[in-house]
Structure formats: C-alpha cells, structure tokens
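1. Task: produce atomic coordinates for the following.
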Amino acid sequence: MRVLSGIQPTGNLHLGNYLGAIRNWVRMQDEMDDQSQCFFFLADMHSITVHEGREQRIRNVRDMAAALVAAGIDPDRSVLFNQARVPAHAELCWLLNGTARIGWLNRMTQFKDKVGKDREGASIGLFVYPVLQAADILLYNATHVPVGEDQKQHLELCRDIATKFNTDFGVDLFTLPAPIIPKESARIMSLRDGTAKMSKSDPSDMSRINLTDDDDAIMAKVKKAKSDQEMLPETAEGLVGRPEATNLVGILATLTGRTTDAVCAEFAGKGFGAFKPALGEALVATLRPIRERFLELRTDDAALDAILDKGAARAAAAAEPTLRAAYDAMGLMR
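-> I've put the predicted structure just below:
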C-alpha cells in the first residue's frame, strides 16, 4: 500500500486545514505497516495558478512543512517534500498532456466554480491543474489517495488518463489509484457563517481559528462565534437547519473523537453559553502543543529545508523508474 496526498502551501494555516487534512495524514502514517509508505507533498507547483510574490511563496512552503511536522508527520517515517524539488512532476505532467483530452478537462466542475464568468482571463494552469494532479499520483504508482468530495472527479480523471496511457502504448505502467474517503470527513465551516468553509481568504480573522492563535485568542473567537438562541437537541437530527450550531457541535465531536449524537446528548437542553467554554477548552488542549512546536520550527529555515531536501531525494528516487518507463513507452529517447 502506497498512500499519496498533497496540500497547497498557503499562509494562515487554520483549524480547517488541520482537522480536514493534516490530522488524517498523521493517522494514516501511524497505521502503516512496514510494507507500506506515505508520500505527503506541498503542492507549490499547483500554487502558481494564483500570483504570489517569491518570498511569500517560499515562506508559505516552509510554514506548511513546519505545520505538518508540528502536527505529527514524521519525516523519517513518511516522505515529506515540496513538488518543485522533484522536477519529475512537471515532466510527467507534460507527457500526460498528450494523453488527457480537452473534453475531459471541460467537464471538471472545480475549474468552472473557480473561474466563474472570467473563463477567458483564467490561468491555463488552472485548466490543466488536474493533469498535474494525475502526474503527482501516477508518478509514484500510489495505490490509495485520500480525497474529499471536491476532489473525487479529479481522481476519476487520473484513472482515465492512466488507463488510456496504458492502452495507447501497450504497457502496464500506471497503477489505478483507489480513493480513501474518510467515514466522517471533517468539513470545518466559518465561525461567522456556518454555510461557508473556514478559509484564510475570509477578510474577518474572527471567522477562523489560526494555528498561531494563542489560548486567549482561541477562547475569544469561540465565545464570539455565531450560534443561535435555541437549546442543543438530544440528537444530531435536531441540528438540521441550524448551520452554525451544526458546525460548532461538529468541531467538538471531531476534536474529541465522538459522534455528533454523543456531543448532543451531553449538552442536550443547554445553550451555547454552556457549550462554548467546553469547545474552547478542547481547542486549546489540542492546538497548544501544535502551536508551540510550529512556532519553534518555523524559526529554523535551514532545518526545514533539510527536511524537504531529504524527502525530495527519496521522492525523486521513487519517481525516476516510472518517469523513465513513460519516456520509453512513448519512444522519447533520453
């Protein structure tokens, strides 16, 4: 079993990043046996679809590496690297551009959602983004890829590209990856709007819990988080139509490893005046050690670069046979 997943290195890491992806990565790493391996990468090549200054991009990559290590990713047990340090990602992406079809990419709903009415002004990179994703996965012959609802379509495209390449060139080169869909995927919403995802792009800092927030800031944000005047129900079914209440209960359930039904049962008949302090304390207990380790790690750029260099060397060694075989299958002499 070989698991691969990537995350874009963006600034202002928040609770949604941690509960939605990073914590699951740590769990998968810890459950691996000696015959299995996890590849986790920082998708800095994907990030160029949005303009960003050079120094900010470098800082974001290092900060994300620090956050992953602080959260529990072990660079000795997992392969942790950033894309740009492994040029094979870009090379295989170009080779797969000859296999992928415009019609397939035209059906990608995420592209349509991101560009809206400004299709003509959108980056070409944003359009072919899923081909690079396919290259990321197929390069390492990953058997399993953790995906959320918004990425299922891209994984299906990856499988289509792999199948067509294998068929077109009469090879059995690329493994068809299977999705890992968490039984209870954490979808963390804004503290100001229970219908919008928690995001660094929200202009209000009160909408999110940042990994750098201190204990007092976390408690203050939870206290001021949007809720409602109703009492908490006995079961999760009673939260229907109450997005803010659903979000806050869901966060506590995810943090404590319980079901939303169990959390509702504990606070049934109580208001958010009783609930929010418990949520704040759980957040502080979970995030404090991660924050302290993160703030320590992010001050040592040399150490972070050494971690990424080490991971890139391991990733490049794993990728080279697949890339070489792809060139050979296509009759491209190197």
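
2. Which neighbouring elements make contact with the helix or strand of the chain with the lowest mean pLDDT?
-> Least confident helix or strand of the chain, by mean pLDDT, DSSP states H and E, is helix 109-115 with a mean of 82. Under the contact criterion of 3 or more CB pairs under 8 Å, 6 or more residues apart in numbering; DSSP states H and E, helix 109-115 touches helix 124-138, helix 152-168. Glycine gets a C-beta too; all of them are placed from N, C-alpha and C.

3. So which of those has the densest surroundings on average?
-> helix 124-138 (a mean of 22; mean count of other CB atoms under 10 Å).

4. Tell me the helices and strands packed up against it.
-> strand 2-7, helix 88-97, helix 102-106, helix 109-115, helix 152-168.

5. For that helix, output the C-alpha coordinates as CSV.
-> In CSV, the C-alpha atoms belonging to helix 124-138 read as follows (Å, rounded to 0.1, in the frame of the first residue of the first chain):
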residue,chain,number,x,y,z
ILE,A,124,-4.1,27.9,-18.4
GLY,A,125,-2.5,26.3,-15.4
LEU,A,126,-5.8,26.3,-13.6
PHE,A,127,-7.4,24.5,-16.5
VAL,A,128,-4.8,21.7,-16.7
TYR,A,129,-4.3,21.6,-12.9
PRO,A,130,-6.0,18.1,-12.9
VAL,A,131,-3.3,16.7,-15.3
LEU,A,132,-0.6,17.8,-12.9
GLN,A,133,-2.6,16.1,-10.1
ALA,A,134,-2.7,12.9,-12.1
ALA,A,135,1.1,13.2,-12.6
ASP,A,136,1.6,13.7,-8.9
ILE,A,137,-0.3,10.4,-8.2
LEU,A,138,0.8,8.2,-11.1
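
6. Could I get the pLDDT score of residue 148?
-> For residue 148, the pLDDT comes out at 73.

7. That one: how many residues sit nearby?
-> When neighbours are counted by other CB atoms under 10 Å, residue 148 registers 14.

8. How much space separates it from residue 16?
-> Between residue 148 and residue 16 the distance is 11 Å, computed by CB to CB, to the nearest Å.
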